[in-house]
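S.K.: Have a look; sequence and predicted model below, questions after that.
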Amino acid sequence: MIWSGFATLAPALTQIDNALGISLIWVMLAFPIGFSLLVYHQAASFFLSREGTPN
């Protein structure tokens with residue numbers, strides 16, 4: 001999902017949302033950023049649980 005999110009950034013540069021008038025690059029950036037944060041959170045939770053530290 002992170003790679004596919006970055007792959008959609010180039011086409012999104014030229015597209016503008018008609019309803020809001022904003023570039024779709026902001027919408028497409030949410031996918032790789034969100035999944036990167038998800039991976040980070042899962043890794044941090046995994047390592048903390050292996051140490052016996054409460055979440």
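M.R.: Arrived safely, thanks for sending.

S.K.: Please make it C-alpha for all contacts and neighbour counts, starting now.
M.R.: OK.

S.K.: For the top helix by length along the chain, give the mean pLDDT please.
M.R.: For the chain, the helix reaching the highest residue count under DSSP state H is reported as helix 25-51. Across helix 25-51, the average pLDDT comes to 88.

S.K.: Show me what it is packed against.
M.R.: In terms of contacts (3 or more C-alpha pairs under 8 Å, 6 or more residues apart in numbering; DSSP states H and E), helix 25-51 is packed against helix 2-7, helix 9-12.

S.K.: for the last one, packing partners?
M.R.: Secondary structure elements in contact with helix 9-12, counted by 3+ C-alpha pairs under 8 Å, 6+ apart, are helix 25-51.

S.K.: Figure out how far the helix it packs on is from the centre of its chain.
M.R.: Counting by C-alpha atoms, centre = their mean, to the nearest Å, helix 25-51 is centred 8 Å from the centre of its parent chain.

S.K.: ok, and for that helix, which residues are buried?
M.R.: Within helix 25-51, the residues scored as buried using 16 or more other C-alpha atoms under 10 Å are 25, 28-29, 31-32.

S.K.: circling back: ranking the helices and strands packed on helix 25-51 by mean pLDDT, which is last?
M.R.: Lowest mean pLDDT of these: helix 2-7, a mean of 71.

S.K.: re the thing from before, can I get the buried residues of helix 25-51 in CSV with distance to residue 16?
M.R.: CSV is the format used below for those (distance: C-alpha to C-alpha, whole Å):
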residue, distance to residue 16
25, 9
28, 12
29, 14
31, 18
32, 20
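
S.K.: wait, isn't residue 17 in contact with residue 24?
M.R.: Yes - with contact taken as C-alpha atoms under 8 Å, residue 17 and residue 24 are classed as touching, separated by 6.3 Å.

S.K.: neighbour-wise, which of the two wins?
M.R.: Looking at residue 17 and residue 24 with other C-alpha atoms under 10 Å, you find the greater number of neighbours at residue 24, namely 18 against 11.
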